[in-house]
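Q: Quick one, structure for this:
(chains A and B)
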2 protein chains.
Amino acid sequence: MRAEILCVGTELLLGDIINTNAAFAARELAKLGIDVFNQSVVGDNPARLRDALRIAFERSDLVIMTGGLGPTYDDLTKETVAEYFGKKMYLDTESLESIKQYFSKMHSGRPMTENNVKQAYMPEGATVFHNYNGTAPGLAVSDGKKTAILLPGPPLEMEPMMTRSVVPYLKKMTDHVIFSRTVHIIGVGESYVESVLKDYMLSHTNPTVAPYAKTGEVQLRITASAKNEEEASLMIEPVIEDIRKIFSDYIYGIDVGTLENAAVQLLREHGLTAATAESCTGGGISQRITNIPGASEVFGCGVCTYSNEMKEKLLGVSPLTLKQFGAVSEETAKEMAKGVRELSGADFGISVTGIAGPGGGSAEKPVGLVYIAVDSEHYKKAERLMLSRGRENERSFIRITAANNALRLLIEAIHAAAKKGGSR
Amino acid sequence: MRAEILCVGTELLLGDIINTNAAFAARELAKLGIDVFNQSVVGDNPARLRDALRIAFERSDLVIMTGGLGPTYDDLTKETVAEYFGKKMYLDTESLESIKQYFSKMHSGRPMTENNVKQAYMPEGATVFHNYNGTAPGLAVSDGKKTAILLPGPPLEMEPMMTRSVVPYLKKMTDHVIFSRTVHIIGVGESYVESVLKDYMLSHTNPTVAPYAKTGEVQLRITASAKNEEEASLMIEPVIEDIRKIFSDYIYGIDVGTLENAAVQLLREHGLTAATAESCTGGGISQRITNIPGASEVFGCGVCTYSNEMKEKLLGVSPLTLKQFGAVSEETAKEMAKGVRELSGADFGISVTGIAGPGGGSAEKPVGLVYIAVDSEHYKKAERLMLSRGRENERSFIRITAANNALRLLIEAIHAAAKKGGSR
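A: Model (predicted):
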């Protein structure tokens, strides 16, 4: 089966919003082992939408569409698809009831506006997908050879509908699944991982093993094609065991997602807590840690000390250290980590201080110079990072990369503490 | 002139990265008044790339392409475009020299690898765009009727090249410009703005006036079409003056970009400083404020007090307040704002405390309940927000919206202080 993604929306053509829907749908299709060779975007224009749909179905059997399911006259995706398949529209009373209920819930009992009725009309024979997060239902239309799947445009509506309704619908259409697991590795570079695993990777075709370099870490993705997820999972297990033997010390998790998620889960697992002291990252690390539901169990406090005064006052960094070594120094990073640990009573203090630019750099301390540190009872470590890639506008890049590395250092420290039997 | 955007990259088709390039290019083309009716994505596959290029040029005069300019054998965008235009490739010695230099700068003098030479080959007659941030030069190929513009895939290379080289190149191709200015309004809703401005908007066609509702603010975009930017600017000026008269108190800036940028610029303008005390936003506000270059002049400290203990210890929130009203309450928000102002010595303290979910909600204090407060010498204010939209997975949405509103409250407070002559 060959699929493509067709997103409808003038705001996408104007660049007012970024097309996260295409990426989300693409990832879900890849997980199902469905090939996607094209993505397109077209505006809310019937003639051009018709053209785009025709081109898509000339190339593909399955077209995933997003957007244009709203209540206004220029939302025409459903009507255009019905026309393509030669289907009439009918009023789906069940959808109408759901829309009324959702509308009432969101607008404190106000009756639904008349134009929302449009959202309950469906092409005959369509499979309707309930929208738990908005008024526009999704739908699938198929003639047995070609299938169009229509999803609402807002990601908060599209994403759960894709996961909950479309993926099961598509699973019935395919006779195999593609299933992946990801081993997260830190402390060694991608080229080292590749050189160690080269023969192994070449000799394994199902499951395959592929490395992905992320900022501050390497991910090994093991992917199996099988009749179902259980079978694929069983095929992957021995490969993970092999990788565990090779990279034991450098593996910080399997399928743990982001660094902050890995850190929070590890802290929870071991009953430990952390606190952050940030300068150039400005609160980005605490923002990411607290984005994980349940972070409050392991994180009580983060401080962003942007000025020297606050580094002294809040974190107890010594004025002498600041004078002698400067705010951007290993010594300051260490004192910040120690300071926030003492301030918060957490098991781990992590800190970042650096020069994110564009201003503030010098010959000895250029833009991109960052120190990170972790402080705990038995494990203390500081690192010097040079994060500039010689590009313009690197401020965000430097800040994100610095935060990634600090989270990596925290994960290392948790592992070290766990080994020492430091769990409570 | 009709344009479209064609992005090349298998990682886009797999959903491994989000297509920010398409949105960036779309925005720049919209600013130039060039219509974009289609966007497409295709993988690093010569036959499918050829097809996509043919379809694009059947519809459009100008195709902006990104990706596939790398040094490896599967980077084929340039070769495919050369073939389409029937141009031979030649080695551009100037590009080769630039690539050598960039390579050496990035790899401490290591000689360039042989496959990078590929990046210096150009279709005959191409206009070459220098890459200040990587090795792949960009280029334009044209036969007088159809034009292809090829840009590197990494956004840190693509974006500056688009702004610096492609926009001037395209300006020469068009006989008019579209120029916009944005008036930022807070404190009144979109429907109120629309109702007040309805007749005005209908009676103005060049410049046009259009409202955009953003989270916690309304933007009025005034857009003129003219021979050049100066002329367009002059046409827009009286419209801005009219809008100033109507919404005087609610306007917090013209072309100020994000809320955090507006806040930082206002603080600088008035010589004032701010500090943040965050609970449910977890450092997101300080992260955003410090993302603005030069924020250190106006921002010394932010604290993320996630636990009650830290709210007491760091911010001096009274245990009684926490016991009587709870951590998520107007009283706690006020004491947090006051506390961080005193702790930091800043002119303004802003605070957020709320329930971001998914857990932690109750009947009296549901997920989405957020209190924000600002504290300063003469202006103190707190607000209760209900940010849930009844959707699933709203944690990020609630956190971002809470941060937006807190920044809005800070901007209001700065304006109030400025009126009182509170500037130093």
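
Q: Can you pull the residues of the stretch 51-200 of chain A lying near chain B?
A: Residues of the stretch 51-200 of chain A lying near chain B by C-beta under 8 Å from any C-beta of the partner chain: A:Ala52, A:Ile55, A:Tyr102, A:Lys105, A:Met106, A:Tyr132, A:Asn133, A:Gly134, A:Leu156, A:Glu157, A:Glu159, A:Pro160. All C-beta atoms are positioned from the backbone trio N, CA, C, and that covers glycine.

Q: The residues you listed in helices, which ones?
A: Among those, the ones falling in helices (DSSP state H) are A:Ala52, A:Ile55, A:Tyr102, A:Lys105, A:Met106, A:Leu156, A:Glu157, A:Glu159, A:Pro160.

Q: can you put the residues of the stretch 51-200 of chain A next to chain B in TSV and add distance to A:Ser191?
A: Compiled in TSV, these are given as follows (distance: C-beta to C-beta, whole Å):
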residue	distance to A:Ser191
A:Ala52	42
A:Ile55	41
A:Tyr102	52
A:Lys105	54
A:Met106	52
A:Tyr132	45
A:Asn133	44
A:Gly134	46
A:Leu156	40
A:Glu157	42
A:Glu159	35
A:Pro160	39
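
Q: Which one (most neighbours) among those?
A: Highest neighbour count within those, by other C-beta atoms under 10 Å in any protein chain shown: A:Ala52, with 26 neighbours.

Q: ok, and the closest non-adjacent residue to it?
A: Computed as C-beta to C-beta, 6 or more residues apart in numbering or on different chains, the closest residue to A:Ala52 that is not its neighbour in sequence is A:Val42, at 4.3 Å.

Q: first to last residue in stretch A:296-312, what's the distance?
A: The first residue of stretch A:296-312 is 26 Å away from its last residue (C-alpha to C-alpha, to the nearest Å).

Q: The residue nearest to A:Ala52 - how many residues pack around it?
A: A:Val42: 29 surrounding residues under other C-beta under 10 Å.

Q: give the contact list for the residue lying closest to A:Pro160 once chain neighbours are set aside.
A: Nearest residue to A:Pro160, sequence neighbours excluded (C-beta to C-beta, 6+ apart): B:Glu392, at 5.4 Å. Taking C-beta atoms under 8 Å, 6 or more residues apart in numbering or on different chains, we find B:Glu392 in contact with A:Tyr132, A:Asn133, A:Leu156, A:Pro160.

Q: For B:Glu392, grab phi and psi.
A: Backbone torsions of B:Glu392, given as degrees, to the nearest 10, read phi -80, psi 160.

Q: How much space separates it from B:Pro366?
A: Here the criterion is C-beta to C-beta, to the nearest Å. By it, B:Glu392 lies 14 Å from B:Pro366.

Q: Then A:Gln287?
A: Counting by C-beta to C-beta - A:Gln287 and B:Pro366 are separated by 23 Å.

Q: again, but for A:Ser60
A: Counting by C-beta to C-beta, the gap from A:Ser60 to B:Pro366 is 44 Å.

Q: thinking again about what came up before, taking the residues of the stretch 51-200 of chain A next to chain B together, which two end up most distant?
A: Largest separation among these by C-beta to C-beta: A:Ile55 and A:Lys105, giving 39.6 Å.

Q: ok so, going back, where does confidence bottom out across the contacts of B:Glu392?
A: Ranked by pLDDT, the contacts of B:Glu392 bottom out at A:Leu156, which has 87.

Q: Verify the stated contact: it with B:Arg391.
A: Yes - under the criterion of C-beta atoms under 8 Å, A:Leu156 makes contact with B:Arg391 at 5.2 Å.

Q: who touches A:Gly134 in this structure?
A: Contact analysis of A:Gly134 by C-beta under 8 Å, 6+ apart lists A:Tyr102, A:Pro152, A:Pro154, A:Leu156, A:Glu157, B:Arg391.

Q: ok, for the first one, nearest residue in space, not its chain neighbours?
A: Spelled out, that is A:Tyr102. A:Thr135 (5.4 Å).

Q: so what pLDDT did the one you found get?
A: Looking at A:Thr135, its pLDDT reads 89.

Q: For it, what are phi and psi?
A: Dihedral angles (degrees, to the nearest 10) for A:Thr135: phi -90, psi -30.

Q: Can you name the element that comes right after the helix or strand of chain A with the lowest mean pLDDT?
A: Sorting the helices and strands of chain A by mean pLDDT, DSSP states H and E puts strand A:208-214 at the bottom, at a mean of 79. Next in sequence after strand A:208-214, counting helices and strands by DSSP states H and E, comes strand A:217-226.

Q: and chain A, what are its domains?
A: A:2-173, A:177-254, A:259-419 (automatic domain parsing).

Q: of all those domains, which lies closest to B:Tyr192?
A: Taking the domains of chain A one by one with C-beta to C-beta, domain A:2-173 is closest: 17.7 Å.

Q: where exactly do the strands run in the stretch 301-424 of chain A?
A: Along the stretch 301-424 of chain A, counting by DSSP state E, counting those that start in this stretch, strands occupy A:348-354, A:369-375, A:380-386.

Q: Which other helices and strands does the last one contact?
A: It stands for strand A:380-386. Applying 3 or more C-beta pairs under 8 Å, 6 or more residues apart in numbering or on different chains; DSSP states H and E, we find strand A:380-386 packed against helix A:330-344, strand A:369-375, helix A:395-419.

Q: ranking those by mean pLDDT, which is last?
A: Among these, helix A:395-419 carries the lowest mean pLDDT, at a mean of 91.

Q: and that one, what does it pack onto?
A: Counting contacts by 3+ C-beta pairs under 8 Å, 6+ apart, helix A:395-419 packs against strand A:251-254, helix A:259-270, helix A:284-289, strand A:348-354, strand A:369-375, strand A:380-386.

Q: circling back to that earlier point, common neighbours of A:Leu156 and B:Arg391, please.
A: A:Asn133, A:Gly134, B:Phe397.

Q: Of all the helices and strands packed on helix A:395-419, which one is nearest A:Phe85?
A: Of these, nearest to A:Phe85 by C-beta to C-beta is helix A:259-270, at 42.1 Å.

Q: show me what contacts A:Leu14?
A: For A:Leu14, the contact set (C-beta under 8 Å, 6+ apart) comprises B:Ala26, B:Arg27, B:Ala30, B:Val36.

Q: so for the helix or strand encompassing the last one, what's the average pLDDT?
A: B:Val36 is part of strand B:35-42 when elements are defined by DSSP H and E. Per-residue pLDDT over strand B:35-42 has a mean of 96.

Q: do the same with stretch A:354-361
A: 93.

Q: Is there any residue in it that contacts chain B?
A: Yes - using C-beta under 8 Å from any C-beta, stretch A:354-361 comes into contact with chain B via A:Gly357, A:Pro358, A:Gly359.

Q: Pull out the buried positions in that stretch.
A: Going by neighbour count (16 or more other C-beta atoms under 10 Å in any protein chain shown), the buried part of stretch A:354-361 is A:Gly354, A:Ile355, A:Ala356, A:Gly357, A:Gly360, A:Gly361.
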